[in-house]
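S.K.: Build the 3D model from these lines:
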Amino acid sequence: MSMKNKVIIVGGGAAGMVGAISARRMGADVLLLERNSRVGKKILATGNGRCNLTNMNAGAPFYNGKNPKFVYSVFSEFGVDKTLKFFEKLGIEYKVEEFGKVYPMSDQASSVLDVLLYELNHLGVEIVTDCLVTSVKKKGRSFFVEMIEKKAYQADKVIVTTGGNAMPSSGSDGNGYELLTALGHSVTEIFPALVQLMLEGKFFKSIDGVKFVGRAAILEEGKVIAEDTGDILFTNYGISGPPILQISRKAAEASVYHKNRELKIVILDKMDEEEIRRRLYRRFRFAGEKTVEQSLIGLINKRLISVILKECGVVDLRKKASTLSDKEKKNICRILGDWRFELKGTKGWQSAQVTAGGVNTKEIHQDTMQSKLVEGLFLAGEVVDIDGQCGGFNLQWAWSSGYVAGRSAALNL
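M.R.: The predicted structure is shown next:
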């Protein structure tokens, strides 16, 4: 690298790679440091290996954090349209699927990583892997980025794109928070998001693997604060599936902020309370000679029947349907339309797709991603207190914030 116009990017994930391309295109000499043996490792895992590039609906309503509106300025500089054009020029043809999700035409996350790597090499961005940064210090107008081997690089500007705590196997283990707090930044409470939920109960092993289309909601004091519908999956520890991931942030907040919240599951989501009652009472009448268990076959998954009946207080599962008491019938109706679970917690960081919380956005200029505390220091991606819903929103934040940070760092030299 030359002695002028130096930008060092710490972290070779989605935000770091696009930030490097952005800064280099603006004329800066760029050094990209990555602790793993290769860059872009987490990109390969996104979208179940297909890479959910972005979402056509990306905007503040789909983001969380102390100030979700922080994304507006960043997206006005580099939003969905510019992101798609950016990748088109790199060679990625894309397609839009349900709910605005955008994927590469190849259905391969590796395609996205390949074109990013090609562009980095084509532009002459220097990449150093197996490189763990232990500190970032500023002396005068220069930054000194120190490695675990005591080696140090000097730069005019530094962009930190180290990710959060989610999926530590990809290299995101919170190291970036330590680097930034040492420089004076504050970090909000962090906890797993887009993650499976662990529930109280002793019957989950018996229904492990049962899947159905239904509705899931997080309730606080009886009021719905988050809900979603789709494929829901019971597991040996609790529950999973896209709707669960989507509402998991509100569940995780419960333990962090000591709030009393519970999970509501609607198995028969297409029916209202009256229709559930009407259909069930008719089944019990027509199948009066069948056992209670047999009377529910064809309505819900067979493996759920015994668990639900026991939860409803039906002790003898082989009793005739015609002998059910009014209380037992009402309990069965209720649980099929409103099954409540006590939240035990979430699966850990290794299972989480994203980190909720991060560096306080009040300490970052929203139009440039430059630190308000340290001139010449920029932040982007998951290390910042911005996290999106499932469906391409988090990658869009990474691309956008990385691009703006890289461009700003180069222009600010």
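S.K.: What residues does Ile332 make contact with?
M.R.: Shown in contact with Ile332 (CB atoms under 8 Å, 6 or more residues apart in numbering): 280, 308-309, 312, 314, 324. Yep, even glycine has a C-beta here, placed from its N, CA and C like the rest.
S.K.: Tell me where the stretch 1-150 of the chain has helices.
M.R.: 14-25, 71-77, 80-90, 109-123 (DSSP state H, counting those that start in this stretch).
S.K.: where are the low-confidence patches of the stretch 201-350 of the chain?
M.R.: Scanning the stretch 201-350 of the chain for pLDDT under 70 picks out nothing.
S.K.: List the contacts of Ala380.
M.R.: Contacts for Ala380 (CB under 8 Å, 6+ apart) come out as 15-16, 19, 159-161, 369, 398, 401-402, 404-406.
S.K.: export these to a markdown table and tack on distance to Ile8, neighbour count and pLDDT?
M.R.: What follows is the contacts of Ala380, written out as a markdown table (distance: CB to CB, whole Å; neighbours: other CB atoms under 10 Å; pLDDT from 0 to 100):
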| residue | distance to Ile8 | neighbour count | pLDDT |
| --- | --- | --- | --- |
| Ala15 | 14 | 33 | 98 |
| Gly16 | 10 | 29 | 98 |
| Gly19 | 11 | 36 | 98 |
| Ile159 | 7 | 32 | 98 |
| Val160 | 9 | 32 | 98 |
| Thr161 | 11 | 32 | 98 |
| Met369 | 15 | 30 | 98 |
| Ala398 | 18 | 28 | 98 |
| Ser401 | 17 | 33 | 98 |
| Gly402 | 14 | 31 | 98 |
| Val404 | 17 | 28 | 98 |
| Ala405 | 12 | 33 | 98 |
| Gly406 | 11 | 33 | 98 |
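S.K.: looking at it, Leu197 is touching Leu245, isn't it?
M.R.: No. Assessed by CB atoms under 8 Å, Leu197 is found out of contact with Leu245, at 9.1 Å.
S.K.: Mind listing the residues bridging to Tyr103?
M.R.: Beta-bridge pairing of Tyr103 under DSSP bridges involves Lys95.
S.K.: neighbours around it, how many?
M.R.: 21 (other CB atoms under 10 Å).
S.K.: secondary structure element for Ser401?
M.R.: Using DSSP states H and E, Ser401 maps to helix 393-411.
S.K.: Export only the CA atoms of that helix, formatted as PDB.
M.R.: Extracted C-alpha coordinates of helix 393-411, given in PDB (Å, rounded to 0.1, in the frame of the first residue of the first chain):
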ATOM      1  CA  PHE A 393     -33.500  -7.000   5.200                       C
ATOM      2  CA  ASN A 394     -30.300  -7.700   7.200                       C
ATOM      3  CA  LEU A 395     -28.200  -8.100   4.000                       C
ATOM      4  CA  GLN A 396     -29.600  -4.900   2.600                       C
ATOM      5  CA  TRP A 397     -28.500  -3.100   5.800                       C
ATOM      6  CA  ALA A 398     -25.000  -4.600   5.400                       C
ATOM      7  CA  TRP A 399     -24.700  -3.700   1.700                       C
ATOM      8  CA  SER A 400     -26.100  -0.100   2.200                       C
ATOM      9  CA  SER A 401     -24.200   0.800   5.400                       C
ATOM     10  CA  GLY A 402     -21.000  -0.800   4.000                       C
ATOM     11  CA  TYR A 403     -21.200   1.100   0.700                       C
ATOM     12  CA  VAL A 404     -21.900   4.500   2.500                       C
ATOM     13  CA  ALA A 405     -19.100   4.000   5.000                       C
ATOM     14  CA  GLY A 406     -16.600   3.000   2.200                       C
ATOM     15  CA  ARG A 407     -17.600   5.900   0.000                       C
ATOM     16  CA  SER A 408     -17.600   8.400   2.900                       C
ATOM     17  CA  ALA A 409     -14.200   7.200   4.200                       C
ATOM     18  CA  ALA A 410     -12.600   7.700   0.800                       C
ATOM     19  CA  LEU A 411     -14.200  11.100   0.200                       C
END
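S.K.: That helix to helix 109-123, inter-axis angle?
M.R.: 0 degrees (axes from the mean of the first three to the mean of the last three CA atoms, to 10 degrees).
S.K.: all helices for the stretch 301-413 of the chain, in order.
M.R.: For the stretch 301-413 of the chain, applying DSSP H, counting those that start in this stretch gives helices covering 302-311, 326-337, 393-411.
S.K.: so which of those comes closest to Gly184?
M.R.: Within these, the stretch nearest Gly184 is helix 393-411; the backing value is 18.1 Å (CB to CB).
S.K.: gap between the closest one and the chain center?
M.R.: Put simply, helix 393-411 sits 18 Å off its chain's centre (CA atoms, centre = their mean, to the nearest Å).
S.K.: Run through the neighbouring helices and strands of it.
M.R.: strand 6-10, helix 14-25, strand 54-55, helix 71-77, helix 80-90, strand 157-160, strand 377-379, strand 387-388 (3 or more CB pairs under 8 Å, 6 or more residues apart in numbering; DSSP states H and E).
S.K.: Just the closest of the contacts of Ala380 to Ile207, please.
M.R.: Using CB to CB, the contacts of Ala380 come closest to Ile207 at Ala398, 36.4 Å.
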